[in-house]
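Asks: structure for the following, please:
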Amino acid sequence: MKFFLQGLLLGFSIAAPVGPIGVLCIRRSLAEGFRSGLVTGLGAATADAAYGAVAAFGLTAVSGFLVRQRHWLGLAGGVFLCYLGARTILSKPAEASASDRGEGGGTGEYLSTLVLTLTNPMTILSFVAMFAGCGVGSGSGYGAAVAVVFGVFAGSALWWVILSGGVTLLRARVGQTWLRAVNWISGTIIFAFGVFALFNGR
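Replies: Below you'll find the predicted structure:
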């Protein structure tokens, strides 16, 4: 339980800072509802758990490869963010309602944030540093590592439940004009994150 709680706090603290995934989750929660925002967040939570597993089990070969390839992964993530940003800016709020009625598929939303989070290998360095600070790692045994990984996923997922749920509560008060503004603002922010990632990876 101790290691699970440590992982829970780690996962929550890494997920909580609002970056491009957070902006995407907020936009999808407003435009398409709680389910869409939650699925978006769970994609990021899965990636966090994957990187947490690499750090917890001490897979230095994998982590080393990811860090060595961070330039290309960062470029790929930047291009994907620019694409998502542009698509968000151009999307119409009326089209988003189909997903909320169950006509849209959550697979694409889940995979998009999973890929975006995985293309940021610096996340694994955050986990390694935090695990070292908490005394959690391969030396703690496989049982502890498994508990930490489950905790990381639970903590990250908890944040996305809170964020998407909170935003969805405001959805009834947001009209079409506001949704168009949300699309434009969030799309611009996501696109800016993509441009930053592209220049940062040069």
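Asks: going forward, measure contacts between C-alpha atoms and count neighbours the same way
Replies: Fine.
Asks: can you give me the helices in the chain?
Replies: Per DSSP state H, the chain carries helices over the ranges 2-15, 20-32, 34-56, 60-68, 70-90, 93-100, 106-118, 122-134, 142-169, 176-200.
Asks: measure the residue most central in space within the chain to Ser112 for me?
Replies: With distances taken as Cα atoms, centre = their mean, Ala44 lies nearest the centre of the chain, 3.1 Å away. As judged by Cα to Cα, to the nearest Å, Ala44 and Ser112 stand 9 Å apart.
Asks: Leu198 reaches Phe80, doesn't it?
Replies: No - shown here, Leu198 and Phe80 do not form a contact pair, counting by Cα atoms under 8 Å, at 10.2 Å.
Asks: want to try CSV for the helices of the chain, with mean pLDDT as columns?
Replies: Shown next, in CSV, are the helices of the chain (pLDDT from 0 to 100):
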stretch, mean pLDDT
helix 2-15, 81
helix 20-32, 84
helix 34-56, 87
helix 60-68, 65
helix 70-90, 77
helix 93-100, 45
helix 106-118, 86
helix 122-134, 65
helix 142-169, 87
helix 176-200, 76
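Asks: so Ser29 makes contact with Ser36?
Replies: Yes - between Ser29 and Ser36 a contact is recorded at 6.0 Å, counting by Cα under 8 Å.
Asks: got a list of what the residue nearest to the centre of the chain touches?
Replies: By Cα atoms under 8 Å, 6 or more residues apart in numbering, the contact set of Ala44 is 21, 110, 113-114, 116-117, 156.
Asks: repeat the analysis, applying 10 Å as the threshold.
Replies: 15, 21-22, 50, 110-118, 153, 156-157, 160 (Cα atoms under 10 Å, 6 or more residues apart in numbering).
Asks: cool, Val152 as well?
Replies: So Val152 contacts 3-15, 45-46, 48-53, 127, 146, 158 (Cα under 10 Å, 6+ apart).
Asks: just the buried ones among the residues you listed, please.
Replies: Among the contacts of Val152, those buried by neighbour count (16 or more other Cα atoms under 10 Å) are 3-12, 14-15, 45-46, 48-53, 127, 146, 158.
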